[in-house]
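*Asks:* Kindly return the folded structure for what I paste below:
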Amino acid sequence: MCIRRAPGSDSGASSCPSDEGDLMAKKKSQFVCRSCGYETSGWMGKCPSCQEYNTFDEVVEVKSVPSDAKPALRAGWIAERGVSKLAEVSKENEPRFSSGISELDRILGGGFVEGSMTLVGGDPGIGKSTLLM
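*Replies:* Model (predicted):
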(Lines give C-alpha, C1' and ligand atoms only; values in the text may rest on other atoms or scores of the structure.)
Protein backbone atom coordinates (compact mmCIF):
# COMPACT_ATOMS: atom_id res chain seq x y z
CA MET A 1 0.00 0.00 0.00
CA CYS A 2 1.27 3.47 -0.77
CA ILE A 3 0.09 7.01 -0.08
CA ARG A 4 0.06 9.77 -2.66
CA ARG A 5 0.00 13.19 -1.11
CA ALA A 6 -2.25 15.87 -2.54
CA PRO A 7 -0.41 18.47 -4.63
CA GLY A 8 0.74 21.32 -2.43
CA SER A 9 0.24 19.40 0.81
CA ASP A 10 2.69 20.03 3.63
CA SER A 11 2.85 16.35 4.61
CA GLY A 12 5.86 15.38 2.55
CA ALA A 13 6.42 13.43 -0.60
CA SER A 14 4.59 10.46 -2.02
CA SER A 15 5.52 7.01 -0.76
CA CYS A 16 4.49 5.26 -3.98
CA PRO A 17 6.92 3.54 -6.33
CA SER A 18 6.75 4.37 -10.01
CA ASP A 19 3.68 2.98 -11.79
CA GLU A 20 5.67 2.25 -14.94
CA GLY A 21 6.06 -1.42 -15.72
CA ASP A 22 3.81 -2.60 -12.88
CA LEU A 23 1.48 -4.69 -15.03
CA MET A 24 1.29 -7.60 -12.63
CA ALA A 25 -1.09 -6.01 -10.17
CA LYS A 26 -4.48 -4.42 -9.88
CA LYS A 27 -4.66 -1.10 -8.11
CA LYS A 28 -7.53 0.19 -6.02
CA SER A 29 -7.45 3.83 -5.08
CA GLN A 30 -9.12 5.44 -2.05
CA PHE A 31 -8.84 8.98 -0.73
CA VAL A 32 -8.42 9.32 3.05
CA CYS A 33 -8.66 12.50 5.09
CA ARG A 34 -5.49 12.88 7.12
CA SER A 35 -7.36 14.85 9.81
CA CYS A 36 -10.23 12.51 10.63
CA GLY A 37 -9.75 9.34 8.54
CA TYR A 38 -12.86 9.82 6.35
CA GLU A 39 -12.61 7.62 3.22
CA THR A 40 -14.04 8.25 -0.24
CA SER A 41 -13.48 6.88 -3.73
CA GLY A 42 -12.80 10.31 -5.24
CA TRP A 43 -10.80 13.34 -4.22
CA MET A 44 -12.67 16.17 -2.47
CA GLY A 45 -11.45 19.64 -1.69
CA LYS A 46 -13.28 19.78 1.67
CA CYS A 47 -13.82 16.83 3.99
CA PRO A 48 -17.55 16.39 4.70
CA SER A 49 -16.76 14.88 8.11
CA CYS A 50 -14.32 17.35 9.74
CA GLN A 51 -14.85 20.31 7.34
CA GLU A 52 -11.06 20.68 6.75
CA TYR A 53 -9.75 21.73 3.32
CA ASN A 54 -7.09 19.90 1.24
CA THR A 55 -6.60 17.05 3.68
CA PHE A 56 -7.25 14.10 1.33
CA ASP A 57 -4.39 11.76 0.39
CA GLU A 58 -4.71 9.03 -2.21
CA VAL A 59 -4.10 5.58 -0.75
CA VAL A 60 -3.37 2.97 -3.42
CA GLU A 61 -3.85 -0.66 -2.46
CA VAL A 62 -1.99 -2.99 -4.80
CA LYS A 63 -3.36 -6.51 -5.21
CA SER A 64 -1.45 -9.20 -7.03
CA VAL A 65 -3.17 -11.06 -9.83
CA PRO A 66 -3.47 -14.80 -9.04
CA SER A 67 -1.34 -17.10 -11.20
CA ASP A 68 -4.43 -19.01 -12.35
CA ALA A 69 -6.10 -15.84 -13.71
CA LYS A 70 -6.89 -15.41 -17.38
CA PRO A 71 -3.76 -15.01 -19.51
CA ALA A 72 -4.76 -11.48 -20.48
CA LEU A 73 -4.56 -10.46 -16.82
CA ARG A 74 -1.01 -11.74 -16.46
CA ALA A 75 1.64 -9.52 -18.04
CA GLY A 76 4.12 -12.39 -18.10
CA TRP A 77 1.93 -14.38 -20.50
CA ILE A 78 3.16 -12.45 -23.54
CA ALA A 79 6.74 -12.46 -22.32
CA GLU A 80 6.68 -16.25 -21.90
CA ARG A 81 5.48 -16.86 -25.45
CA GLY A 82 7.13 -13.93 -27.17
CA VAL A 83 5.88 -11.61 -29.88
CA SER A 84 7.21 -11.74 -33.42
CA LYS A 85 7.26 -9.09 -36.09
CA LEU A 86 5.34 -10.08 -39.20
CA ALA A 87 8.54 -9.96 -41.27
CA GLU A 88 10.09 -12.54 -38.89
CA VAL A 89 7.28 -15.07 -39.26
CA SER A 90 8.31 -18.19 -41.16
CA LYS A 91 6.77 -18.60 -44.60
CA GLU A 92 7.22 -22.37 -44.48
CA ASN A 93 4.19 -24.61 -44.51
CA GLU A 94 3.00 -25.37 -41.01
CA PRO A 95 1.08 -28.55 -40.18
CA ARG A 96 -2.63 -27.87 -40.42
CA PHE A 97 -5.57 -29.44 -38.64
CA SER A 98 -8.76 -30.10 -40.56
CA SER A 99 -11.98 -28.53 -39.33
CA GLY A 100 -14.05 -31.31 -40.87
CA ILE A 101 -15.72 -28.78 -43.20
CA SER A 102 -14.07 -28.95 -46.62
CA GLU A 103 -15.01 -25.40 -47.68
CA LEU A 104 -13.70 -23.91 -44.42
CA ASP A 105 -10.47 -25.88 -44.76
CA ARG A 106 -10.12 -24.54 -48.32
CA ILE A 107 -10.57 -20.93 -47.13
CA LEU A 108 -8.03 -21.48 -44.34
CA GLY A 109 -5.44 -22.81 -46.79
CA GLY A 110 -5.84 -26.43 -45.73
CA GLY A 111 -7.05 -26.10 -42.13
CA PHE A 112 -6.19 -24.44 -38.84
CA VAL A 113 -2.56 -23.79 -37.87
CA GLU A 114 -1.68 -24.52 -34.25
CA GLY A 115 -1.20 -21.30 -32.27
CA SER A 116 -2.84 -19.12 -34.90
CA MET A 117 -5.92 -17.00 -34.56
CA THR A 118 -8.69 -16.82 -37.16
CA LEU A 119 -11.13 -13.93 -37.34
CA VAL A 120 -14.53 -14.84 -38.74
CA GLY A 121 -16.32 -11.76 -40.03
CA GLY A 122 -19.18 -10.88 -42.32
CA ASP A 123 -22.51 -9.17 -42.69
CA PRO A 124 -25.32 -9.83 -40.19
CA GLY A 125 -27.19 -13.03 -40.96
CA ILE A 126 -24.49 -14.51 -43.18
CA GLY A 127 -24.01 -17.56 -40.92
CA LYS A 128 -20.93 -16.87 -38.78
CA SER A 129 -22.43 -18.39 -35.63
CA THR A 130 -23.85 -21.34 -37.55
CA LEU A 131 -20.43 -22.00 -39.06
CA LEU A 132 -18.76 -21.97 -35.65
CA MET A 133 -21.26 -24.27 -33.93
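*Asks:* what's the span of stretch 38-48 from first residue to last?
*Replies:* 8 Å (CA to CA, to the nearest Å).
*Asks:* Give the buried residues for stretch 35-51.
*Replies:* Tyr38, Cys47 (16 or more other CB atoms under 10 Å). Using the backbone N, CA and C atoms, a C-beta is placed for each residue, glycine as well.
*Asks:* contacts for that stretch?
*Replies:* Ala6, Ser29, Gln30, Phe31, Val32, Cys33, Glu52, Tyr53, Asn54, Thr55, Phe56, Glu58 (CB atoms under 8 Å, 6 or more residues apart in numbering).
*Asks:* Could you verify that the second one is part of a strand?
*Replies:* I take that to be Ser29. Yes: using DSSP: H, G, I helix; E, B strand; the rest coil, the assignment for Ser29 is a strand.
*Asks:* which residue packs closest to it, ignoring adjacent ones?
*Replies:* Nearest residue to Ser29, sequence neighbours excluded (CB to CB, 6 or more residues apart in numbering): Val60, at 5.3 Å.
*Asks:* Which residue or residues pair with the one you found through a beta bridge?
*Replies:* With DSSP bridges applied, Val60 shows beta-bridge pairing to Cys2, Ser29.
*Asks:* I'd like to know how many residues surround it.
*Replies:* 18 (other CB atoms under 10 Å).
*Asks:* Okay, it and Asn54: tell me how far apart.
*Replies:* Per CB to CB, to the nearest Å, Val60 is found 19 Å from Asn54.
*Asks:* now do Ser41
*Replies:* 18 Å.
*Asks:* and what of Cys36?
*Replies:* Counting by CB to CB, the gap from Cys36 to Asn54 is 14 Å.
*Asks:* Residues contacting the helix or strand hosting Ser129, please?
*Replies:* Using DSSP states H and E, Ser129 falls within helix 128-132. Contact partners of helix 128-132, identified using CB under 8 Å, 6+ apart, comprise Ile101, Leu104, Val120, Gly121, Gly122.
*Asks:* Same check on stretch 110-121?
*Replies:* For stretch 110-121, using CB under 8 Å, 6+ apart, the contacting residues are Glu94, Pro95, Arg96, Phe97, Ser98, Ser99, Asp105, Leu108, Lys128, Leu131, Leu132.
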